[in-house]
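Undergrad: fold the following for me, if possible:
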Amino acid sequence: MDLPCVQWQDHVAQKWIGLDPELKEHFTSLRGIDDVFKCALSLTTQVDLDFLQSISTGFSIQKDTEQAAKCREKGNSSFKTRNYTAAALHYSQGVCFAPQNSEQLSLCYANRSAALYHLQHYQESFDDIGKALKHGYPSHLLYKLEDRRTQCLKHLRNLDHHQSASKNHKGHGVKPVKKNICSSTDHTTFCISPQAAVGFSTEKGRHLVATERISAGEVIVNDRPYSCVLIPGMEEVKGKERRQDTEKGVLFGTEHRHCHRCLAETLCPVPCDRCSYSRYCSSGCRREAWEEHHCWECPVGADLMAMGVMIHLALRITLKAGLENIQTAQEPIKGKDTESGQSCLNNDCNETSHEASLYYGDSYLSVYHLLHHSSHHSPSLRFLCAVTVAMLYLKLSQVGPPPVSWGSKGPDSEGDVADWTTELWPLGGAVLRHLLQLRCNAQAVITLQDTGASDSLVQSNREIRIATAIFPTLSLLNHSCCPNTSLVFNTGTTADPPGLDLSADFSEYVAECSNRCVTVTVRAAKAITPGQEILHCYGPHSSRMVIQERRHLLQEQYYFLCKCEACTRQMDREEKEEEEEEEEDSMEDSWHWPGLEDGQHESGLQCGKCRGFLKKSSKESGPGFICSQSSCSYRLSYSEASRKLQEFRVDLEKAVDLMERERPDVALRLLKRSVSQAGLILAETHPLKGELADAMARAHATMGDWKSAASHLECSAAATGLQYGEDSIELGRQLFKLAQLHFNGGARGPALSVIPKVRRLLCLHCGPQCHELQELQAMEDCLRG
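TA: This next block holds a predicted model:
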């Protein structure tokens, strides 16, 4: 859970400690969410407001001409080194900082147009020239813009001519050239597949069940969030750009590169007219965000930064819902706002009423009736959440009349408007309710980030969390440590219009629509039989975490003891072991490797003498490992094994850093030494063996030795398959890199051999439209001539 900043947490903690015992006992005894909020509101003081104000000052999001000028200077420095992407990002920062109709704003737009021109984004460059002129670009420099505008128009005419000629020559099969630089996907219909249905039980709450056989790779759910909030400060820069900007003390985060509404990636964001933080992929997204929530968030933006992502999301949900929707949602359970009176979508619950069994689609009712687990939160955590929401309520009351969705005319309206009376306490209660719900029901929005150099011929990426969201339909899915589904998130997706028949087939909907949003697609990762529950992983996965760690995290955050197939199978196996389990220490537990729990060689270590697998020694033999071969007497202590593994990890980190600093030859020497030593203790099944092989492949590829790189990546792919499974997306991504290596090395046969395997795995998890499949097809077409 993304809590408020540490200073505010400490302040509220001291307030809780100093609270009168009777008041503390009274607060702890409160069960209704509205009552908890009202109590916290009565306990807030001017001291609290002043302290929050002192913290918020450090998160200033005001327009600032001086900051805009500094950003433009940084952009100029990047431009001179021909790092045009970094330059565009710096200029965009300047655009966001610059006050409206200022000279700095016109200069930043003009400079950004130059960077975009060199990146061959001619339409965006042309648009920025118009914005520079609109905001008063200096007359003595106009000739620069006129020349660039002429060149942009020339390129755009050539582009249109090329597309027309291609269409006439090849017909509709030609892939259109992408003119904009905002990532987006095709139109999407949001619904549950006809092959699945919502079920309900007292043990599982609402959940999703297959009604027909669902084949691997089939789409089960397409969902969009009711609300989402971009996570600030998440580093997202690429390759050489990352190193250069890091050395200068500058890091571009997700908030600099993504639309704050639909999360589409963009190099030329449209800024909020009033603050320097929020930015969007288009004026349409900016307008819709302003009308829905940002007109109220903007004045308290610095406070929201201090309060954290979760309270920001809770507020956004409430603002979007409005008073009428909240009152409607409260009616069926009025007077029953305790934990037992709530239904749930994805957690155990004891509610058996008709209300608890209903599913409301992607409406606010589905969000409102999520379980909030108030009784499971510690009193101090509930106090922190309640006091923080009370402070936000007071801050909003200082901004102006209540939101328009609550019966007022907005902060800029004139005439009679509603005021912040006790009649509007439901706003605070609703924000608190959603804040408590989000601990168990928030979903991280994950995307792949390129980590290699921008000119690299081989893909290198990692998953990053760019936003936190609440998905009404996705919340139906219960957890499993070995799920039967896979999730893919898309940003900037064009949504279906209101009133669409959600029972229609996914592929039949094709229409023009400008409503862009975030989407998640849930596909079957394996065949699902009728009556089988549809499950996804909340984070702790059996291929990444051992059972003790998984169960601890799930119990701590979601308040249930996991009894999924992977956990049950592992517990049954451990119960049958002859060695006693009760006195295992924490070091011994750490030798259960993720993904290998069901195998006989779970240590992932091999004998230094006979190369046999090592197993945990019995109690009589003392702690450590012994060779599985009865004729061998080799032993290895936990401490010695831990020391060696730590050395390998340190070498791996050093090698990656050397490659980041363009010293692959030095990295390769270090890796060769480490791999040689690792071969004496690590079995081929050990995950670290695969990581070392992957780093070796990267070093060889950087130096252009494609054959050696492919050889090492084959070893890494084998280890990945053992850890994650032969049908995993992780293996698919490794094999995709292997196909690139074979292609770059001119190894026609091996490349054509691996491409079908990659295609099957990517189609299974990501669908037939993912861009990697398009690149794969281009490689195959080239190889087949």
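Undergrad: give me the contact list for the helix or strand containing residue 303.
TA: Using DSSP states H and E, residue 303 maps to helix 301-307. Helix 301-307 has contacts (C-beta atoms under 8 Å, 6 or more residues apart in numbering) with 4-5, 7-8, 52, 55-61, 232, 275, 277-278, 297, 311-312, 315, 388, 391-392, 395. Heads up, the C-betas are built off the backbone N, CA and C, glycines and all.
Undergrad: filter those residues down to the ones in helices?
TA: Of the contacts of helix 301-307, the ones assigned to helices by DSSP state H are 7-8, 52, 55-56, 297, 311-312, 315, 388, 391-392, 395.
Undergrad: of all these, which comes closest to residue 607?
TA: Closest approach between the ones in helices among the contacts of helix 301-307 and residue 607, by C-beta to C-beta: residue 7, at 53.3 Å.
Undergrad: which residues are in contact with the closest one?
TA: 55, 306.
Undergrad: can I get the strand or helix carrying residue 366 in CSV? Just the C-alpha atoms.
TA: Following DSSP H and E, one finds residue 366 within helix 364-368. Output of helix 364-368 as CSV, limited to C-alpha atoms (Å, rounded to 0.1, in the frame of the first residue of the first chain):
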residue,chain,number,x,y,z
TYR,A,364,-19.5,2.3,-9.6
LEU,A,365,-21.5,-0.2,-7.6
SER,A,366,-19.0,-2.9,-8.4
VAL,A,367,-16.3,-0.7,-6.9
TYR,A,368,-18.3,0.4,-3.9
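Undergrad: please renumber so the chain begins at 53
TA: From this message on, residue numbering opens at 53, which makes the last subject helix 416-420.
Undergrad: run through the strands of the stretch 153-302 of the chain in chain order.
TA: In the stretch 153-302 of the chain, the strands defined using DSSP state E, counting those that start in this stretch lie at 243-244, 248-253, 257-262, 271-275, 279-282.
Undergrad: just the buried ones from the contacts of helix 353-359, in ChimeraX syntax?
TA: Burial among the contacts of helix 353-359 is assessed by 16 or more other C-beta atoms under 10 Å; the matching ChimeraX selection reads:
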select :56,57,60,104,107,108,111,113,327,329,330,349,363,364,367,440,443,444,447
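Undergrad: pLDDT weak spots in the stretch 603-752 of the chain?
TA: 628-654, 671-674 (pLDDT under 70).
Undergrad: can you give me the helices in it?
TA: All helices of the stretch 603-752 of the chain, identified by DSSP state H, counting those that start in this stretch, fall at 617-628, 638-641, 690-712, 716-730, 739-754.
Undergrad: rebuild the ones you listed as JSON lines, extending it with mean neighbour count and distance to residue 668.
TA: JSON lines is the format used below for the helices of the stretch 603-752 of the chain (neighbours: other C-beta atoms under 10 Å; distance: least, C-beta to C-beta, whole Å):
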{"stretch": "helix 617-628", "mean neighbour count": "14", "distance to residue 668": "12"}
{"stretch": "helix 638-641", "mean neighbour count": "12", "distance to residue 668": "7"}
{"stretch": "helix 690-712", "mean neighbour count": "16", "distance to residue 668": "9"}
{"stretch": "helix 716-730", "mean neighbour count": "18", "distance to residue 668": "20"}
{"stretch": "helix 739-754", "mean neighbour count": "24", "distance to residue 668": "18"}
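Undergrad: export these to a markdown table and tack on distance to residue 541?
TA: Listed next are the helices of the stretch 603-752 of the chain as a markdown table, based on distance: least, C-beta to C-beta, whole Å:
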| stretch | distance to residue 541 |
| --- | --- |
| helix 617-628 | 24 |
| helix 638-641 | 33 |
| helix 690-712 | 26 |
| helix 716-730 | 33 |
| helix 739-754 | 24 |
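Undergrad: worst-scoring helix or strand of the protein, pLDDT-wise?
TA: helix 291-299 (a mean of 42; mean pLDDT, DSSP states H and E).
Undergrad: ok so, going back, and the ones in helices among the contacts of helix 353-359, which two are furthest apart?
TA: Greatest spatial distance among the ones in helices among the contacts of helix 353-359 (C-beta to C-beta): 59 and 349, at 21.1 Å.
Undergrad: how near is the residue lying farthest from the centre of the chain to residue 424?
TA: Within the chain, the residue lying farthest from the chain centre (C-alpha atoms, centre = their mean) is residue 683, at 50.8 Å. Remark: distance between residue 683 and residue 424 (C-beta to C-beta, to the nearest Å) = 60 Å.
Undergrad: assumed residue 515 was part of a strand.
TA: Yes: counting by DSSP: H, G, I helix; E, B strand; the rest coil, residue 515 is found in a strand.
Undergrad: mind checking how far it is from residue 285?
TA: Distance, residue 515 to residue 285, by C-beta to C-beta: 17 Å.
Undergrad: got the buried residues for the helix holding residue 418?
TA: Within helix 416-420, the residues that qualify as buried by neighbour count (16+ other C-beta under 10 Å) are 416-420.
Undergrad: count of residues packed around residue 172?
TA: For residue 172, the neighbour count with other C-beta atoms under 10 Å is 11.
Undergrad: setting the sequence-adjacent residues aside, check what's closest to it.
TA: Among residues not flanking residue 172 along the chain, residue 207 sits closest, at 7.7 Å (C-beta to C-beta, 6 or more residues apart in numbering).
Undergrad: quick one: residue 825 is in a helix?
TA: Yes: counting by three-state DSSP, residue 825 is found in a helix.
Undergrad: in terms of pLDDT, where does it sit?
TA: pLDDT for residue 825: 93.
Undergrad: pretty sure it sits against residue 812.
TA: No: taking contacts as C-beta atoms under 8 Å, residue 825 lies outside contact range of residue 812: 10.5 Å.
Undergrad: what residue ranges in the protein score low on pLDDT?
TA: Applying pLDDT under 70 to the chain picks out residues 53, 213-241, 286-303, 384-411, 455-475, 502-512, 546-567, 628-654, 671-674.
Undergrad: output the buried residues of helix 416-420 as CSV; include the columns distance to residue 837.
TA: Below are those laid out as CSV (distance: C-beta to C-beta, whole Å):
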residue, distance to residue 837
416, 56
417, 58
418, 53
419, 54
420, 59
